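Q: let me see the structure of the following:
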Amino acid sequence: MKYFLPVLVIILFQSCNQKKESKKDPLTQKEIQKNEVKTDSTIQNISKAAEIKKDTLDEVMLEEDIRFNGKLKRFFSLNDFGKVFGKADSTRLLSEEQPCTYIFETPDGNGMNDKYLYKSGSRFENSGQKVAVDEFRFINGNYILYKGIKIDSKSTINDLKQVFPNAIRNIGNLDVDGEGTLQAITLREDKEGVSDGHINIFFKNNRIYSLHWWFPC
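A: Purely as a prediction, here's the structure:
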């Protein structure tokens with residue numbers, strides 16, 4: 001009997017502790033749930049912010065989606081140049097111009113005869129039988145088809161807003177040699193951001209004026 005009372009006290013003490021712990025468990029679970037909700041909310045907010053940032057980037061203009069004068073891609077043959085644009089107004093060796101970048105990279109310095117072809121204000125790079133558009137002017141009937149949409153000298157800034165809303169929203173001014181300050185938009189060359197270059201589209205008197213591939217030196 002003398003041992004019964006202490007044992008009973010110990011049992012009652014343990015029982016009270018278990019009840020206290022069982023009361024704490026729901027609160028702990030609620031706290032965990034709250035933390036999970038906060039974490040999920042944070043992840044959702046980060047995802048939304050990333051989507052918004054992605055949606056505000058300047059649009060991509062892929063070479064494969066462009067047809068110059070409705071017929072040629074950016075790269076074509078010298079023979080096709082004559083068929084579509086006619087004879088060049090003038091030519092100039094790249095070795096004389098000394099541009100900081102070249103469209104056609106020639107190994108071992110074999111591009112000594114590479115040159116620019118000038119036609120109706122546009123500039124093309126020529127290497128052997130290969131030609132590529134460097135700068136394209138929307139004059140003398142020149143135009144492009146972009147994803148089937150015709151863009152020519154009559155196309156206004158507002159017209160292109162339907163095609164490149166983000167780029168038009170970010171329109172700015174650039175100084176152009178021989179032209180002064182022109183309004184311009186910038187388009188990315190690829191979706192992944194691999195290229196260091198971009199495409200500049202210039203406007204004059206609210207209408208599209210020229211398109212130029214830009215690449216850093």
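
Q: pLDDT at residue 13, what is it?
A: pLDDT, residue 13: 52.

Q: distance of the residue nearest to the spatial centre of the chain from residue 167?
A: Nearest to the mean C-alpha position of the chain, by CA atoms, centre = their mean, lies residue 188 at 3.2 Å. Distance of residue 188 to residue 167, computed by CB to CB, to the nearest Å: 9 Å. (C-beta placed from N, C-alpha, C; glycine too.)

Q: quick one, phi/psi of the residue nearest to the centre of the chain?
A: Phi and psi for residue 188, reported as degrees, to the nearest 10, are phi -80, psi 150.

Q: what's the pLDDT at the closest residue in space to it that isn't next to it in sequence?
A: Distance criterion CB to CB, 6 or more residues apart in numbering; nearest residue to residue 188, sequence neighbours excluded, is residue 60 at 4.6 Å. At residue 60, the model reports a pLDDT of 97.

Q: how close does residue 60 get to residue 163?
A: Per CB to CB, residue 60 is found 12 Å from residue 163.

Q: intersection of neighbour lists for those two?
A: Counting by CB atoms under 8 Å, 6 or more residues apart in numbering, residue 60 and residue 163 have no contacts in common.

Q: please tell me I have it right and residue 119 contacts residue 91.
A: No. Contact criterion CB atoms under 8 Å: residue 119 and residue 91 do not qualify, at 9.9 Å.

Q: those two: which has the busier surroundings?
A: Legend: neighbour count by other CB atoms under 10 Å for residue 119 and residue 91, higher for residue 119 (20 against 12).

Q: dump stretch 146-153 to CSV, restricted to CA.
A: Below are the C-alpha coordinates for stretch 146-153, written out as CSV (Å, rounded to 0.1, in the frame of the first residue of the first chain):
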residue,chain,number,x,y,z
TYR,A,146,6.7,38.7,-92.0
LYS,A,147,4.7,35.6,-91.1
GLY,A,148,2.6,36.5,-94.1
ILE,A,149,2.0,40.1,-93.0
LYS,A,150,3.2,42.7,-95.6
ILE,A,151,5.3,45.5,-94.1
ASP,A,152,6.2,48.3,-96.5
SER,A,153,6.9,52.1,-96.7
